[in-house]
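**Q** model this:
(one chain, ligands or ions: 2)
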Amino acid sequence: MIEFRGVSKVYDNNVKALNDINVVIERGEFVFLVGPSGAGKSTFIKMLLKEVEPSEGSIVVNGTKLEKLKRNEIPYYRRKIGMVFQDFRLIQTLNVYENVAFAMRVVGASAKEIRKRVPMVLALVGLSHKYKMFPNELSGGEQQRVSIARALVNNPQVLIADEPTGNLDPDTAKEIMALISDINKAGTTILMATHAKDIVNTMKKRVIAIEKGEIARDEEKGRYEHEN
Ligand code: ADP
Ligand code: ADP
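**A** Ligands and ions are numbered 1, 2, ... in the order given. Next comes the predicted model:
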């Protein structure tokens, strides 16, 4: 469902962020994207969202060649991808319910659909009882649950998580990983960029390691670091 063919990225300042990346991620896979800071992970994710254009090569997502997408088609394309960030990125002036509902409003869902779907995803992330709370009244783990609910509310085929446990204590991080794992078991493809070595080593999922813009390792049931 996600394919990079000979993808390279040279930024305007001549930094080569990615060099000839070839990779296929099938529907329903769970993939960790690891590598040191500056390796090219964010560039990889931004190209999937069509926020950054490849300098060379081609990216196909669910049969759509991203270079063929017209400007007015990009918002529709992005709706099929749920995004979760390290810093949650919730709207502070909206309560939990409204943060999630907002993601449906912007894609033009009807009031009826919103009333049905928002309580469903809040139940899924275990936050039904906190629907009236504001982000600053929630713990980090709860805020991340809201952001996961928001990412899922439009039923994306892929969930991309960029360091989703980076601001959480280890126990809370484990709970969030259990939730992401459940979402994967329900069929959503997961791509998660992370520096959380223990999480990667515990979960035994596919690991794609990027180093200096190249795929250094791509292993089923991989580990965070190369085994000697
Ligand atoms: P593009 O090549 O995608 O058009 P730009 O070079 O115009 O990207 O930069 C986009 C943004 O990223 C700018 O705001 C720029 O300041 C910022 N930026 C520039 N260099 C770096 C860097 N090394 N790391 C992260 N961001 C950078
Ligand atoms: P990672 O997410 O693994 O830390 P990035 O994809 O952010 O790596 O960065 C890869 C390389 O590209 C780095 O050398 C970074 O400085 C450079 N880079 C990232 N964004 C930009 C940009 N907008 N303009 C210029 N250089 C960039």
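
**Q** which stretches of the protein aren't confidently modelled?
**A** Counting by pLDDT under 70, the ranges of the chain that qualify are 227-228.

**Q** quick one, what contacts the residue nearest the centre of it?
**A** With distances taken as C-alpha atoms, centre = their mean, the residue of the chain nearest its centroid is residue 160 (1.2 Å). Counting by C-beta atoms under 8 Å, 6 or more residues apart in numbering, residue 160 makes contact with 45, 48-49, 81-84, 191-193. In this view, the C-beta of every residue, glycine as well, is placed from N, C-alpha and C.

**Q** now do the phi/psi pair for it.
**A** Residue 160 adopts backbone torsions of phi -110, psi 120, taken as degrees, to the nearest 10.

**Q** any idea how far the spatially closest residue to it that is not a sequence neighbour is from residue 65?
**A** Excluding the flanking residues, the one nearest residue 160 by C-beta to C-beta, 6 or more residues apart in numbering is residue 191, at 4.9 Å. Using C-beta to C-beta, to the nearest Å, residue 191 is found at 19 Å from residue 65.

**Q** show me which of the contacts of residue 160 are buried.
**A** 45, 48, 81-84, 191-193 (16 or more other C-beta atoms under 10 Å).

**Q** show me what from this protein comes close to ligand 1.
**A** Within the chain, the positions near ligand 1 by C-beta under 6 Å from any ligand atom are 11-13, 52.

**Q** now, the most widely separated pair of these?
**A** 13 and 52 (13.5 Å; C-beta to C-beta).

**Q** more neighbours, these two?
**A** Neighbours were counted for residue 13 and for residue 52 using other C-beta atoms under 10 Å; residue 52 has more, 17 against 5.

**Q** ranges for the strands of this protein?
**A** Counting by DSSP state E, the chain has strands at residues 2-10, 16-25, 30-34, 56-61, 64-65, 81-85, 158-162, 189-193, 206-211, 214-219.
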